[in-house]
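Predicted model and sequence follow; I will ask about them next.
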Amino acid sequence: MLRRFFLFLSRSKWMQRFVMSSRLTRRLVQRFIAGNTLDEAVASGRRLLDQGILLTMDHVGESVSTLAEADEAAREYHVMLDRIHTEGLQSTISVKPSQMGLVLDPPSCEKRIEELVRKSAQQGTTVEIDMEDSPYTQVTLDIYHRLLPLNPKLRVCLQSCLHRSVADLQKIIEAHGSIRLVKGAYREPPEVAYQQKSRVDSNYAQMIDLGASRKAVDQGFYLAIASHDEKLVTHGREVAGANGLGKDQLEFQFLYGVRSDLQLQLAKAGYRVRVYLPYGRDWYPYFMRRLAERPANVLFLLKQLFR
């Protein structure tokens, strides 16, 4: 119920104006957003890199309303890739197809992402294609599969809440690709997504079993387990160990500002750990989805409001 409420608020323009202008929410926002500018994000990222934690940098934003806005968003990512390359940062970039113009013009969206994928390959890093709500799942996966030959490290996000995701994972394993595995942060109808947390979690565990199998890894598949759920993190470690995988043959991903203790614990144990590092001024929808995901975040907000 609480999750649905905050997902509803993520689309509320009135609440967006209030939250973005309120001093009361500033501390919590700073906990999840690495800064308004690329310079601020790089400074935050360096502190994580110094602790042995890798990065995925993201210029936050949702669906654009014009192709000119999509071009502007793409330019920011080119600047980001150049900065990563020039400064030798161990970072990928995460791109939302809707921010690249998917809703307005799918072919031009694919072209923008293609240019970033080509550039990332030349510079020795990669792009992580984010996954949005279910009407865009198939077109996003189609783009991923077409662009994968340009950069074998190209990664796409899959959501364990969706009924289709196990089948999608199997196709990506066969294509020798890579995924970021998440539970899903969008409100979806029961026809396409599991509604019970227990079912979402069990599907997530099943996808770990497939992605961290010896067969999948030997085919060139690479799994990134993106979860703050310690039970699922432990399951990933156990499955990888049972299948004889090295600690560099999968990775664990976290959101900036969430479970820093677990991040460091895994990094010190020798695992590859990566933090999703969002920055930019259009942070409101992203911020509200973080509140929807974890009740503890809401409690933190309330403490700030009543101090």
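Looks like it came in fine. Numbers count the residues shown, from 1 in each chain.

Identify the bridge partners of the residue nearest to residue 255 when sequence neighbours are not counted.
Excluding the flanking residues, the one nearest residue 255 by Cβ to Cβ, 6 or more residues apart in numbering is residue 276, at 5.2 Å. Glycine gets a C-beta too; all of them are placed from N, C-alpha and C. Judged by DSSP bridges, the bridge partners of residue 276 are residue 56, residue 255.

Residue 95 and residue 63: what is the separation?
As for residue 95, its distance to residue 63 is 13 Å (criterion: Cβ to Cβ, to the nearest Å).

ok, these two, which is more surrounded?
Each of residue 95 and residue 63 has its neighbours counted (other Cβ atoms under 10 Å); residue 95 has more, 23 against 18.

show me the residues around that one that make contact.
58, 77, 113, 116, 127, 128, 129, 130 (Cβ atoms under 8 Å, 6 or more residues apart in numbering).

would you list those in JSON lines and tack on secondary structure and pLDDT?
Formatted as JSON lines, the contacts of residue 95 follow (DSSP: H, G, I helix; E, B strand; the rest coil; pLDDT from 0 to 100):
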{"residue": "58", "secondary structure": "strand", "pLDDT": "94"}
{"residue": "77", "secondary structure": "helix", "pLDDT": "97"}
{"residue": "113", "secondary structure": "helix", "pLDDT": "98"}
{"residue": "116", "secondary structure": "helix", "pLDDT": "98"}
{"residue": "127", "secondary structure": "strand", "pLDDT": "98"}
{"residue": "128", "secondary structure": "strand", "pLDDT": "98"}
{"residue": "129", "secondary structure": "strand", "pLDDT": "98"}
{"residue": "130", "secondary structure": "coil", "pLDDT": "96"}
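
Kindly indicate which of those residues lies nearest residue 260.
Nearest to residue 260 out of these is residue 58 (Cβ to Cβ; 18.0 Å).

shouldn't that closest one be in contact with residue 93?
Yes. Residue 58 is within contact range of residue 93, at 7.1 Å (criterion: Cβ atoms under 8 Å).

got the contact list for stretch 110-127?
With Cβ under 8 Å, 6+ apart as the criterion, stretch 110-127 contacts 70-71, 74, 77-78, 81, 84-85, 91-95, 97, 100-101, 129, 143, 146-147, 150-151, 153-155.

hmm, back to that, shared neighbours of residue 58 and residue 93, which are they?
Contacts common to residue 58 and residue 93, judged by Cβ under 8 Å, 6+ apart, are absent.

If any of the contacts of residue 95 are buried, give me the PyMOL selection for them.
Here the buried members of those are turned into a PyMOL selection, burial being counted by 16 or more other Cβ atoms under 10 Å:
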select buried, resi 58+77+113+116+127+128+129+130
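
Could you check how far residue 260 is from residue 139?
Residue 260 is 35 Å from residue 139, by Cβ to Cβ.

That's all I had, so thanks and see you.
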